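K.L.:
coordinates for the following, if possible.
(2 chains)
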Number of protein chains: 2
Amino acid sequence: MTPNSTTADRAERELPAIFLEALEGLFGPRLHRGEAMRLQHGGSEAHFTPVPPDAVVFAHSTEEVAELVRLCVAHEVPVIAFGAGTSIEGNTIPVRGGVTIDLSEMNRIVAVHAEDFDCTVEAGVRREQLNEHLRDMGLFFPIDPGANATIGGMAATRASGTNAVRYGTMREAILSLKIVTPDGRIVRTARRARKSAAGYDLTRLMIGSEGTLGIITEVTLRLHGIPEAISSAVCSFDTLQGAIDTVVQSIQIGVPLARVEILDDLQMRAVNIWSKLDYPELTTLFFEFHGSPAHVDEQVAAVRELASANGGGEFHWSNLPEERSKLWKARHEAYYAAVNLRQGAVGWATDVCVPIGRLAECITETRADLDKSPIPATILGHVGDGNFHVVFSLDPHSSEEMAEVEAINKRLVARALAMDGTCTGEHGIGLGKQDCLVDELGDAVEMMRLIKRALDPKDLFNPGKIFTLAPVEGASA
Amino acid sequence: MTPNSTTADRAERELPAIFLEALEGLFGPRLHRGEAMRLQHGGSEAHFTPVPPDAVVFAHSTEEVAELVRLCVAHEVPVIAFGAGTSIEGNTIPVRGGVTIDLSEMNRIVAVHAEDFDCTVEAGVRREQLNEHLRDMGLFFPIDPGANATIGGMAATRASGTNAVRYGTMREAILSLKIVTPDGRIVRTARRARKSAAGYDLTRLMIGSEGTLGIITEVTLRLHGIPEAISSAVCSFDTLQGAIDTVVQSIQIGVPLARVEILDDLQMRAVNIWSKLDYPELTTLFFEFHGSPAHVDEQVAAVRELASANGGGEFHWSNLPEERSKLWKARHEAYYAAVNLRQGAVGWATDVCVPIGRLAECITETRADLDKSPIPATILGHVGDGNFHVVFSLDPHSSEEMAEVEAINKRLVARALAMDGTCTGEHGIGLGKQDCLVDELGDAVEMMRLIKRALDPKDLFNPGKIFTLAPVEGASA
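P.N.:
Sure thing, here's the model as predicted:
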């Protein structure tokens, strides 16, 4: 077992010359040791201190990944998988150095089985690329975390986003994975059948494991037919409770909402500034409805009625694609809009998820807590799942602000846990929420450690993420 | 590590007196050592040779289960969880003896959170009991494997059934589990949030682990609103291809089928005899549609048109609850109907699942293979998922028939795997499909063994199921 090493002692180390030689032989010009490339792979979109890897390689095949893995294991060098770098809990920062394996050039769409409603893609394929490829076949891949992330990265962090209320998360969207295990084997975790009861669910174990149990190189995804009709709608509310009651009652009567997003008043102001729009600066719901034309009309009518009964203002709906694009572009840019409420600010995004009956209470209390601080912070979320985000717009040079946000974040998580919610609905644990994970799941984290140790006994796969390894009392194999 | 022991050497063993004394102290009259009770827990609904456990206890709380587990681990006695005993791959047969822990008296509905669309139940709650409890709240739990199984057993085998095409399987239905781990800890695998990205997905790892990684004592389930309108329909087809094309095209145009079941001609004959009905004895689809009245009408009209274009006969549909009950009662009894095609026969049920585009081909080839044998065998399945069953009606005294069915089953699985399908869609591996699992997933089974060893190093939890443990080369913790 490699002892837990800190960033500091890692910086003292050098990659062994024989290891570098082998790397050079394998990857040639796709091995990078320059500072710019290393820094680019050592940061994140968020507030974490960057730590560059010792080397970066761009892999072009699963076999190359397997060779790299065997090499890293033989020389006890950490290995970190990297996709688009859009994760926000520091999930890909190589805190113990090692080799970052960039999978973004493994971006082939391997197969589309239109008749089976599935496809297989390499890990580096981006979700927008995939949907462009599928469009002419009348199919789409629904998971949409906002960022144009890689499918492999979305699998590794168990991403979800705006469509999850109807179509589920990466957990539901993935049929099978091709992975390189820490012992250098290439393994498929399942076949392409829609369901299976064949042994342990390795697919789901790998989804959300953040690169700590092996490296995902190919993903087989469920697809859906592009709906015949799509409508979107926007409605602002006098009260948060009114907005959330509208959603809960819609679900209760069986409206299959495809998307339903909540943005608070400050987030709406940020969106108006950033995207040059003129929405009322009130708590607002963005909706999307999918189905046959008649069924979409029926859904819109039902939700409009509920919104009106719950204090909603004008219910703007549209089935024009350009209106819809404008709406969802504004939603997708909401994070950047929020960060840019202050010039020169850096973003800190956090997310929690609670049972939907507690959501109004959780958001209200959180808003009150945020309002006590001068740091601008917006709330937006996937209200149909009980999941919401807080985005802070932070002075990067102020350690006071950093400490204050940390404290607010801690209270946010404690509030969500007290409501039997989770410390993260879709961002993952990464570096940022390791204490929260223990608060949330207690001894279950020991079970995770046992699994990590069993599959990656040298702690080389994205080490220091989700949890750090410590001796497990009485554990033996 | 306990060496792999055969049934034969197990029979030589005795439970240690000190262990029995402790068991007596814990369970009093709920400890059973009589032959009748042991035999009742040593068999299955299927063709496997029964093996009685050495003792049976009825647990009444998670804490009792934990105490039993600690005792069993201390004395190296195998422990097997038992629910309703309706599994069909020998999943609960104590092949190495030990203590069977019957959870059927842990049947409290712990909490229903109607506003969150979820509930928590003890593992021994049966699905019909739960739905009766929920009915007045306008909620239902959709997973329906046919048998009135326990929720804990359904979780342990990753059950699904007729509603999975719309509502998913136990994999999607479970939010969280309370489990007793092999080291005797009580752990919750997740909170009640609808989604979470917090660490490894222990919930999904436990679902389908067949009692080999710990014992599930409580289950938190997603619920759904009872649809405003429900219609059912029956339609027979000249050809299998026509029936399956109807389903695939329905999914393609976005009809959210709630149930769609296929029964072949021999299965329809069996159903007619057993349930005293007079359906045409042709390949038949049973449908169910959920939604608003207008949306259900629209769905029925769309599917009726597709059925007619694909050679379907009369399309009998009804929104009368009594018609619907009759239909689904016939479907639920299909297994017994099939077994009883011969007097005094015993059943052998198997299932595979393939990508839906290959389903017609897989069923056609399987029917041709079955027709070469004099043993009656019917085909029925959850066509929307690509999952189907073969039910053999077997002479229990004929080893030739047993061998013949084994060979047919082997060919069935090989056919499904060649189509990138799975050896079991919903029955699990148990004793019956261990070789198939290796054929399906190869080295991934080694990964499962590593996990099993890490969590249950003494191989005491339902040992001998899914796979047997053999030394893993180079494994160390």
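
K.L.:
any low-confidence regions in the stretch 201-350 of chain A?
P.N.:
The model of the stretch 201-350 of chain A has no residue with pLDDT under 70.

K.L.:
in it, what residue lies closest to chain B?
P.N.:
A:Arg204 (3.4 Å; Cβ to the nearest Cβ). Quick note: C-beta positions are derived from backbone N, CA and C, even for glycine.

K.L.:
the helix or strand encompassing that residue: what's the following helix or strand?
P.N.:
Per DSSP states H and E, A:Arg204 falls inside helix A:202-206. Sequence-wise, the next helix or strand downstream of helix A:202-206 (DSSP H and E) is strand A:215-222.

K.L.:
pretty sure A:Gly97 contacts A:Gly42?
P.N.:
No: with contact defined as Cβ atoms under 8 Å, A:Gly97 does not reach A:Gly42; the gap is 9.5 Å.

K.L.:
what sits in contact with each of the two?
P.N.:
A:Val51, A:Pro53 (Cβ atoms under 8 Å, 6 or more residues apart in numbering or on different chains).

K.L.:
around chain B, pick out the residues from the stretch 1-150 of chain A.
P.N.:
Residues of the stretch 1-150 of chain A lying close to chain B (Cβ under 8 Å from any Cβ of the partner chain) are A:His113, A:Glu115, A:Asp116, A:Phe117, A:Asp118, A:Gly138.

K.L.:
can you select the buried ones from those residues in PyMOL?
P.N.:
Here is the PyMOL command that picks out the buried ones among the residues of the stretch 1-150 of chain A next to chain B, judged by 16 or more other Cβ atoms under 10 Å in any protein chain shown:
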select buried, chain A and resi 113+116+117+118
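
K.L.:
how about the host helix or strand of A:Ala338, which residues are buried there?
P.N.:
In this assignment (DSSP H and E), A:Ala338 forms part of helix A:334-339. Residues of helix A:334-339 classed as buried: A:Ala334, A:Tyr335, A:Ala337, A:Ala338, A:Val339 (neighbour count, 16+ other Cβ under 10 Å).

K.L.:
repeat for stretch A:259-275
P.N.:
Within stretch A:259-275, the residues scored as buried using 16+ other Cβ under 10 Å are A:259-272, A:274-275.

K.L.:
in strands only, show me these.
P.N.:
A:Arg259, A:Val260, A:Glu261, A:Ile262, A:Leu263 (DSSP state E).

K.L.:
let me see the confidence value for the closest residue to A:Ser104 other than its chain neighbours.
P.N.:
Spatial nearest neighbour of A:Ser104, chain neighbours left out: A:Gly124 (4.4 Å); criterion: Cβ to Cβ, 6 or more residues apart in numbering or on different chains. The score at A:Gly124 is 98. That number is its pLDDT.

K.L.:
which stretches of the stretch 351-477 of chain A form strands?
P.N.:
Here the stretch 351-477 of chain A has its strands, by DSSP state E, counting those that start in this stretch, at A:377-382, A:387-394.

K.L.:
run through who's touching the shortest one.
P.N.:
Pointing back at strand A:377-382 there. A:160-162, A:164-165, A:260-264, A:266-267, A:270, A:334, A:338, A:341, A:351, A:363, A:366-367, A:370, A:387-393, A:408, A:425.

K.L.:
same thing but 7 Å
P.N.:
A:161-162, A:164-165, A:261-264, A:266-267, A:270, A:334, A:338, A:363, A:366-367, A:370, A:387-392 (Cβ atoms under 7 Å, 6 or more residues apart in numbering or on different chains).

K.L.:
mind listing what it pairs with, with the direction of each?
P.N.:
Strands that pair with strand A:377-382, judged by DSSP bridges, come out as strand A:259-263 (antiparallel), strand A:387-394 (antiparallel).

K.L.:
close to chain B: what parts of the stretch 251-400 of chain A are there?
P.N.:
A:252-254, A:291-292, A:294-295, A:298, A:353-357, A:385-387 (Cβ under 7 Å from any Cβ of the partner chain).

K.L.:
show me what residue of the stretch 251-400 of chain A gets nearest to chain B.
P.N.:
A:Gly357 (3.3 Å).

K.L.:
please tell me I have it right and that residue contacts B:Val112.
P.N.:
No: contact between A:Gly357 and B:Val112 fails when scored by Cβ atoms under 7 Å: they sit 11.6 Å apart.

K.L.:
before we move on, the earlier item: tell me the one of the buried residues of helix A:334-339 nearest A:Leu460?
P.N.:
A:Tyr335 (32.4 Å; Cβ to Cβ).

K.L.:
excluding covalently adjacent residues, which one is nearest to the closest one?
P.N.:
A:Val391 is the one closest to A:Tyr335 (Cβ to Cβ, 6+ apart), at 5.8 Å.

K.L.:
redo the strands of the stretch 351-477 of chain A as a markdown table? Include mean pLDDT and mean neighbour count.
P.N.:
Formatted as a markdown table, those follow (pLDDT from 0 to 100; neighbours: other Cβ atoms under 10 Å in any protein chain shown):
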| stretch | mean pLDDT | mean neighbour count |
| --- | --- | --- |
| strand A:377-382 | 97 | 25 |
| strand A:387-394 | 96 | 25 |
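
K.L.:
let me have the ones you listed in JSON lines, extended by distance to A:Phe237.
P.N.:
As requested, the strands of the stretch 351-477 of chain A are exported to JSON lines (distance: least, Cβ to Cβ, whole Å):
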{"stretch": "strand A:377-382", "distance to A:Phe237": "14"}
{"stretch": "strand A:387-394", "distance to A:Phe237": "15"}
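
K.L.:
what residues of stretch A:397-416 count as buried?
P.N.:
A:Glu401, A:Met402, A:Glu404, A:Val405, A:Ile408, A:Asn409, A:Leu412, A:Val413, A:Arg415, A:Ala416.
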